[in-house]
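Participant: only the shape, not the letters, is given here:
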């Protein structure tokens, strides 16, 4: 059973940067899709970005494209999310997830079977 642990959240000002990390224990990410989702109060969980651990292919939500970068670290078995030019609307709890979603479900939270506990990101204006 894989366990995911996020780290790196915090309180920053608009325009600042943060780097989130997702570490896995119990299994490696090999063969899996690893994604970041976020959830703001009163809103549904929203897809942010994903990476195919084996192929390295990535995808981003339009709202973060050009500002966020997802990457993998083979040595540490972690997936990182570099977030630049943060905006107040990026404020949310950020979750790491992994699984083997079908092509039509890559952005759907219900298609991922392992989740971290989340890390809070707060961006002040």
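Facilitator: Sure thing, it's come through. Note that the coordinates shown come from a computational prediction; the quantities given were computed from them, not determined experimentally. Numbering: from 1, shown residues only.
Participant: any idea how far residue 54 is from residue 100?
Facilitator: Look at residue 54 and residue 100: by Cβ to Cβ, to the nearest Å, they are 11 Å apart. Just so you know, the C-beta spots here come from the backbone N, C-alpha and C atoms, and that holds for glycine as well.
Participant: shared neighbours of the two, anything?
Facilitator: Common contacts of residue 54 and residue 100, defined by Cβ atoms under 8 Å, 6 or more residues apart in numbering, comprise residue 31.
Participant: pLDDT score for the most centrally placed residue in the chain?
Facilitator: Nearest to the geometric centre of the chain sits residue 36, at 2.0 Å (Cα atoms, centre = their mean). Looking at residue 36, its pLDDT is 98.
Participant: backbone phi and psi for residue 88, please?
Facilitator: With angles defined as degrees, to the nearest 10, residue 88 sits at phi -60, psi -30.
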